[in-house]
Each structure stands twice: as structure tokens, then as C-alpha cells.
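>>> okay, sequence plus prediction incoming.
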Amino acid sequence: MRSGRAARGGRRGAAGRALGWLAVLLALLLVPPVAARPAAAQAGAPPALFGVAGHAWWLDPHFDQFLALYRDLGVTGVRVAVDWKQFERQEGQYDFDIFDRVLSRLNAAGLEITAVFVTVPPWVASDPAGCRASEQGRCDVPAAREPQLRAAARAAVARYPFVRRWEVGNEPELWRYLGHDAADYLRVLRAFYGEAKAVDPDVQVAAATVTGWDYVHWLYEQADERPWDVITFHPYGGGAGDADPAPADVAADDPGTGLRTAEIDRLRAGMVAMGDGAKPLWITEYGWMRDPATQAARLRAALAWMASRPWITTAHLHMLHDAYGETYGLTATVPPGGPSGPRTRFVPKQPFYDAFKYFPRAR
């Protein structure tokens, strides 16, 4: 669910930033060195790493095609946005129909669902017209609307008891009033966490980042109670045009992933330094806009590298199909461009498709 390129950093004090990086440095020095090439390339990757990111508005009209492809590929989990603006278009009137259809069928098929609570109905925002025109630029949740936010979170979690994983927000740093400042994101995260845990204390609630440790440390600084069970990260290369990561963002043992693997390690080291080493990290989106041969090579490298980090407990490739003029998909959308319709087909892109399908899986 790409919503822009990776934001770098945030508005934090220099002293707090320095202390955060010092904690990471100390934690990294205590981490045992990893073999030059991940052993998982031979041993196989855990099944939970074979997830894909999806969208209800694509799944709903094409579910049979998607499920057949999931089964052929050996997909184990699907990440799906549950859009607040979609299920409560008018205040107090919930319409979960599309999510009822999609989530119940995914669950019946035995797929692990990671749901993302995201977006804001325009009627919630301080500037409804601006929110309609520019979600990331103008949507907010005023303090007076927190009861409506809590009610929506409670309704969503209670409606889908089979969904055990919830992520709050998608790349929150890129939303001007919902995460660019960590305090704004924490207001939403705290509200969702409290309501989710009231419904089911065992559900997992994740805080999200596309930036990495700098943003997450900002969350730690402002939330002593730590209203999250998991951190999620999107380690895209970064920069305009889906550029490759800078050398400093690539881990020493990276076998050619084209991802910000060093930032993944920094996140883990920071969590350990903050006493949260028992909490996992989820990679809820990753991928590349490259030719299928390059995508295949990078996917093999990424699965092997992630498998060498046992604290990465789930991963979702972005995504099953090409869309929105982007070519991240394991399949090409035919015909390309335009709205999807009853004749839309999804054709495997080789060798990318088979790289996912045949990558060795740990038992």
C-alpha cells in the first residue's frame, strides 16, 4: 500500500536523536556477528515470511483468481487495509460489507490476516473538504473526535475476532497531521491499542514506520507505556523513483536485497536497547519496481536474509499484481492500467513469480 517514498527523520531535538543513536550503537556492538551469507539460503525460510500485501477493493471482485494464485504460490498470509473512511462514511453508520466478504473468505482459506487500521472519514477532520481533497496532507483526528475514533477501532476489532494482528496506520510519517509529528500518531495509536486490548487482550497491535529507528525512538521518548506489541517497517530502497538504498543502509551480510537491511538491524538493536527485545518486527511491505529477473534475484536474497533474523516473524511482499502504473507485482495485470473489471486477468511475471513459489521453506 505504497503512499509515497521513504521519509527521512523527523522533527526531534538533537540531544534526543544523539541518545537514540548511542543506544543503537551500544546494542549493535553487543549483537553477535552474522555469517557473511545467510544460512537460510540453504535451510529455507519460515512459512510466515511468505505473505503478500493486498487490498480489499481488488480482492473483492477477483477473489477466486487471487485465491488460486495464493494457493499456487504458497502464500501464507495477506495484509489488508481496513479503511475507517470506507466503513463509516457517515457518522455512526457502519458498513463493513466489503471487509466482511474479503476477510471472512481469507480466514476460511486458512490465510493469516494482518489488518491495517488506516484513513480518516472526512467528517472526522477539522477540514472535511481538505481531507477529501488531500488525505495525507489535510486529514486529522481532532481531540474532540477521539470518542468516534475509539468506537470505530472497537467495532473493527470486535467484528473480526479471527484477525489476531492489527497494524495502526500506513507509513504514518507521510501523513502531515497523523504521524509526521510522532505525538499525532501516538494519539491514534494509544486510542486503538486501548480499545483493541479491551476487546481481546491477546490481539497483537503494531506501531508502524517507513523511516526506521529515528522515528521509533521518537515514539519511545513520548510513550512510557509503549502502546504496541510489535514494530512494523517498510524497508524500500528509498528516494525518488524507487532508488537503491544508500550503502550505509545496507547490512554487511546483505546478499543483494536492494532493501534498507541495515535500518532493519538498527531497529532491532534499538528495541533491544530499550528493553523490548521480546517484541518482534514485521516487514509488512517490501518490493522493487525492477525487471522480473532483478525482482527474482532480490526476492531470493531478501527471503534468505530475513530468515537469518528470527525476530522478523512475518513479511508481506508488495504485491501480488501490478497496479496504479507501478510494476511491483508478481503478476502483470491484463489489460494494464484503467479500472479492474470482470475481464481483468493476472499473468505470472517470470522468473519473479517462480522465485516466490519455489523458494525453499523451513519445516
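Okay, I see it. Numbering: from 1, shown residues only.
>>> quick one: contacts for Pro61?
340-342 (C-beta atoms under 8 Å, 6 or more residues apart in numbering). Placement of C-beta: from N, CA and C, glycine included.
>>> next: Leu330.
Here Leu330 is in contact with 52, 69, 73, 317, 319-321, 348-349, 352-353, 356 (C-beta under 8 Å, 6+ apart).
>>> ok, the contacts of Pro61 vs Phe233, which is closest?
Using C-beta to C-beta, Ser340 comes nearest to Phe233 of the contacts of Pro61, at 29.1 Å.
>>> what stretches of this structure score poorly on pLDDT?
1-42, 239-241, 338-339 (pLDDT under 70).
>>> tell me, what residue is most central in it?
Thr284 (3.0 Å; C-alpha atoms, centre = their mean).
>>> now do the SS call for that residue.
Local secondary structure at Thr284 is given as strand here, using DSSP: H, G, I helix; E, B strand; the rest coil.
>>> ok, it touching Gly77?
No. With contact defined as C-beta atoms under 8 Å, Thr284 does not reach Gly77; the gap is 10.0 Å.
>>> can you give me the distance of the residue lying closest to the residue nearest to the centre of the chain once chain neighbours are set aside to Leu281?
Closest residue to Thr284 apart from its sequence neighbours, by C-beta to C-beta, 6 or more residues apart in numbering: Thr232 at 4.5 Å. As defined by C-beta to C-beta, to the nearest Å, Thr232 lies at a distance of 7 Å from Leu281.
>>> count of residues packed around Phe87?
The local packing of Phe87 (other C-beta atoms under 10 Å) involves 21 other residues.
>>> which residue packs closest to it, ignoring adjacent ones?
According to C-beta to C-beta, 6+ apart, the nearest residue to Phe87 is Phe96 (5.0 Å).
>>> mind saving the C-alpha coords of stretch 242-251 as PDB?
Taking C-alpha atoms only, stretch 242-251 is exported to PDB below (Å, rounded to 0.1, in the frame of the first residue of the first chain):
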ATOM      1  CA  ASP A 242      12.400   3.600  -6.100                       C
ATOM      2  CA  ALA A 243      16.200   4.200  -5.900                       C
ATOM      3  CA  ASP A 244      18.500   1.600  -4.400                       C
ATOM      4  CA  PRO A 245      19.400   2.200  -0.700                       C
ATOM      5  CA  ALA A 246      22.400   4.200   0.300                       C
ATOM      6  CA  PRO A 247      25.400   2.000   1.200                       C
ATOM      7  CA  ALA A 248      25.100   3.000   4.900                       C
ATOM      8  CA  ASP A 249      21.600   1.500   4.800                       C
ATOM      9  CA  VAL A 250      22.700  -1.900   3.600                       C
ATOM     10  CA  ALA A 251      23.700  -4.600   6.200                       C
END
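>>> from Trp213, how far out is the residue nearest to Thr284?
From Thr232 to Trp213 the distance is 13 Å (C-beta to C-beta).
>>> neighbour count winner among these two?
Thr232 (28 against 25).
>>> correct me, but the more buried one touches Tyr286?
No. Here Thr232 does not reach Tyr286: they are 11.1 Å apart, not a contact under C-beta under 8 Å.
>>> if we can go back for a sec, just the buried ones from the contacts of Pro61?
Ser340 (16 or more other C-beta atoms under 10 Å).
>>> closest to Pro46 among the contacts of Pro61?
Nearest member of these to Pro46, counting by C-beta to C-beta, is Ser340, at 32.2 Å.
>>> check the gap between that closest one and Pro61 for me.
6 Å.
>>> quick check: Leu303 is in a strand.
No. Under three-state DSSP, Leu303 sits outside any strand and is assigned helix.
>>> hmm, it is touching Arg361, no?
No. Counting by C-beta under 8 Å, Leu303 sits too far from Arg361 to count as a contact (9.3 Å).
>>> these two: who's more crowded?
Shown here are Leu303 and Arg361; by other C-beta under 10 Å, Leu303 has more neighbours (26 against 16).
>>> which positions in stretch 97-116 come out as buried?
98-99, 102-103, 105-106, 111-116.
>>> what does it contact?
Contacts for stretch 97-116 (C-beta under 8 Å, 6+ apart): 1, 48, 51, 56-57, 59-60, 63, 67, 70-71, 75-82, 86-87, 156, 159-160, 162-170, 282, 284, 314, 316.
>>> how about 7 Å then?
Stretch 97-116 has contacts (C-beta atoms under 7 Å, 6 or more residues apart in numbering) with 56, 59-60, 63, 67, 70, 75-82, 87, 160, 162-163, 165-167, 170, 284, 314, 316.
>>> so of these, which ones are in helices?
Mapping the contacts of stretch 97-116 onto helices (DSSP state H) picks out 56, 59, 63, 67, 70, 87.
>>> most widely separated two among those residues?
Going by C-beta to C-beta, the pair spanning the ones in helices among the contacts of stretch 97-116 furthest: Tyr70 and Phe87, at 24.0 Å.
>>> distance to Ala183 and secondary structure added to the buried residues of stretch 97-116, as a markdown table?
Output for these, formatted as a markdown table (distance: C-beta to C-beta, whole Å; DSSP: H, G, I helix; E, B strand; the rest coil):
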| residue | distance to Ala183 | secondary structure |
| --- | --- | --- |
| Ile98 | 32 | helix |
| Phe99 | 29 | helix |
| Val102 | 33 | helix |
| Leu103 | 31 | helix |
| Arg105 | 38 | helix |
| Leu106 | 34 | helix |
| Leu111 | 35 | coil |
| Glu112 | 32 | strand |
| Ile113 | 30 | strand |
| Thr114 | 26 | strand |
| Ala115 | 24 | strand |
| Val116 | 21 | strand |
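>>> adding distance to Val188, write those residues out as JSON lines.
Converted to JSON lines, those look like this (distance: C-beta to C-beta, whole Å):
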{"residue": "Ile98", "distance to Val188": "22"}
{"residue": "Phe99", "distance to Val188": "19"}
{"residue": "Val102", "distance to Val188": "23"}
{"residue": "Leu103", "distance to Val188": "21"}
{"residue": "Arg105", "distance to Val188": "28"}
{"residue": "Leu106", "distance to Val188": "25"}
{"residue": "Leu111", "distance to Val188": "27"}
{"residue": "Glu112", "distance to Val188": "24"}
{"residue": "Ile113", "distance to Val188": "21"}
{"residue": "Thr114", "distance to Val188": "18"}
{"residue": "Ala115", "distance to Val188": "15"}
{"residue": "Val116", "distance to Val188": "12"}
